[in-house]
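Trainee: sequence first, then the predicted structure:
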Amino acid sequence: MPRLSSSRRPVFVAATALGAFCLTVVPAAATATPAQIATSKTNGVAYLTSLQAADGSYAGPGLSNEWAFSAFAAAGTAAVDVTPGGDTTKNARTVYRALLSTASWPSATPVVTDYERAALNAYAAGIDPARVSASRNLVADIYGYWQNAEPGYFGPSANFNGTVFAALALGGAATQAGAPRVPQALLDRLVTRIRANQHDDGGWNYGKAEGDPGQLGTTSDIDMTGAAMAALCVSGVPHTDSGITRAKAFLKSKLVPGSGAFNAMFGVNTDSNGWAVSGLNACGIDPQTGDFLTSAGKTPVDFLISQQFNPGGGFKYQPSDTTPSAYASVDGLRAVAGGGFTAAPPVPATAGAPRWVAQGSFTSGTAAKLALTVDDGAGGLKVCSVSFTPTGTTTTLGAVLDAATGSATPSGCVSSVTPSSGTGTVTALNGKANSSAGSWKASADGAAFTTATRGTVVHAGDTLALRWGA
């Protein structure tokens, strides 16, 4: 089960006093009841809580247990409430935010999936992913991997996984108010690429298949099919869409009637079932009825619960395993709890703890990034991360556009701005001028588009979109 890395089989992480968690496994039963699901959530949260290090961390070099935040949120537990020994100064959210804010994170050679994974889990932990710190904007980090030569792909197109998780992060990590953060035009480009990579059997795999009949004809992967389904649905595709119904049919064809497991590439396992169920959950498809209730009365959720040690709460990877897996426990709990690949953070139980934490302003003299899209209204969309050093607690749209002409990744997002100074209306951008047919308008964080002016105030973390139109 991959963790957005090159490793296909999960790394197993033992809990403290592991033996206490390796008790009896509940036998698989017919459709899981609300009471069974509630017990599974309670015990699963207890197990994941036990994995927290003494310093409060869930993530670090070589680890990706921060996926626990997505499972916690789906199960109704706020990351800020997860503390080692009750030490609230080391709560999981505060420690994770500090990690993401360090200059050395994620590594000297980062890849786009590092930032996508972080955005999904920061969101679930109640950290605004565009406002982690004065110098860390995960949305802008992701934008920087847009492929100008292959619009709609993020990161090398051969690693299709990176594009799917771009859609999950950009479409799933909404604003604090729950509104879409990025423009639909960007999500539509992602949807086009995801559709183009759907295999003939209705599913998807980790590598690029677009334009390659041989690859499109190969057998799909359960895990990636769940992720790609979710990516489409969080990008605005309805569950009745043919792409989703074909994916459902593929998953149904892989169901094992006697257990509710999916027959995955590496055999039946919790991670594959978890990703498939999370894909169904994200699309609003009940994984316990209709196509996913087998002739023997089993469902994919039944299988997941049968993989859980109780009362220990951890999930094993394969049925023959005798100890729980951290990754399997995250994937199992998130799916059983009804989650997709992220979830809005619950209201904390800790007195005085806010639901969200976010960088409220720029720090003068500290390098920052902003996410920017430029839509020419004629099918051309440019996407980039703009680097600049603010001179105050806010900046202006004019300053961002000026910076984008020379400090954008990828380059070419903005080639020219008219006027080139002042605070007035933007009358031309990239050589396209306002006219009676349309003009340049701007939006931040998915708000309504209004006339673009150089003097428009821009705040830390604003996700900026410019569009030419009526």
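Mentor: Looks like it arrived, so ask away.

Trainee: for the rest of this, base every contact and every neighbour count on C-alpha atoms.
Mentor: Fine.

Trainee: burial count for residue 304?
Mentor: Taking other CA atoms under 10 Å as the criterion, the count of residues near residue 304 is 32.

Trainee: now do the same for it: helix, strand or coil?
Mentor: Assigned by DSSP: H, G, I helix; E, B strand; the rest coil, the conformation of residue 304 is helix.

Trainee: that one touches residue 272, doesn't it?
Mentor: No: counting by CA atoms under 8 Å, residue 304 stays clear of residue 272, with 10.0 Å between them.

Trainee: which element is residue 224 on?
Mentor: Assessed by DSSP states H and E, residue 224 sits inside helix 222-234.

Trainee: can you list contacts of that helix?
Mentor: Residues outside helix 222-234 that contact it (CA atoms under 8 Å, 6 or more residues apart in numbering): 1, 161, 164-165, 167-168, 171-172, 191, 194, 203-206, 239, 244, 247, 251, 262-265, 271-273, 275-283, 340-341.

Trainee: the residue lying closest to residue 426 once chain neighbours are set aside pairs with what?
Mentor: Closest residue in space to residue 426, ignoring its immediate chain neighbours: residue 453 at 5.1 Å, by CA to CA, 6 or more residues apart in numbering. Residue 453 forms beta bridges with residue 425, as assigned by DSSP bridges.

Trainee: give me every residue that touches residue 453.
Mentor: Residues near residue 453 by CA under 8 Å, 6+ apart: 397-398, 423-426.

Trainee: and residue 220, how many neighbours?
Mentor: Residue 220 - counted by other CA under 10 Å - has 24 other residues nearby.

Trainee: same check on residue 407?
Mentor: By the other CA under 10 Å criterion, the neighbourhood of residue 407 contains 20 residues.

Trainee: torsion angles phi and psi at it?
Mentor: phi -130, psi 40 (degrees, to the nearest 10).

Trainee: make 611 the first number, not 1, from now on.
Mentor: New numbering, starting at 611: the last item is residue 1017.

Trainee: any idea how far it lies from residue 977?
Mentor: Noted for residue 1017: a distance of 12 Å to residue 977, by CA to CA, to the nearest Å.

Trainee: okay, and the common contacts of these two?
Mentor: Jointly contacting residue 1017 and residue 977 under the rule CA under 8 Å, 6+ apart are 997-998.

Trainee: tell me where this structure has helices.
Mentor: 644-660, 678-684, 702-711, 722-735, 748-753, 770-782, 794-806, 823-826, 832-844, 852-863, 880-892, 910-916, 936-946, 1007-1014 (DSSP state H).

Trainee: ok and the third one relative to helix 644-660, angle-wise?
Mentor: Same thing as helix 702-711. Per axes from the mean of the first three to the mean of the last three CA atoms, to 10 degrees, the angle that helix 702-711 makes with helix 644-660 is 50 degrees.

Trainee: helices or strands up against helix 702-711?
Mentor: Other elements packing on helix 702-711 under the criterion 3 or more CA pairs under 8 Å, 6 or more residues apart in numbering; DSSP states H and E are helix 722-735.

Trainee: do the longest one as well
Mentor: Identification of packing neighbours for helix 644-660 by 3+ CA pairs under 8 Å, 6+ apart yields helix 936-946.

Trainee: convert the helix it packs on to CSV, retaining C-alpha atoms only.
Mentor: Listed next in CSV are the C-alpha coordinates belonging to helix 936-946 (Å, rounded to 0.1, in the frame of the first residue of the first chain):
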residue,chain,number,x,y,z
ALA,A,936,0.2,1.8,11.5
TYR,A,937,-0.6,2.5,7.8
ALA,A,938,-3.3,-0.2,7.7
SER,A,939,-4.8,1.2,10.9
VAL,A,940,-5.0,4.7,9.4
ASP,A,941,-6.5,3.5,6.1
GLY,A,942,-8.9,1.1,7.9
LEU,A,943,-10.2,3.6,10.4
ARG,A,944,-10.6,6.5,7.9
ALA,A,945,-12.7,4.3,5.7
VAL,A,946,-14.8,2.7,8.4
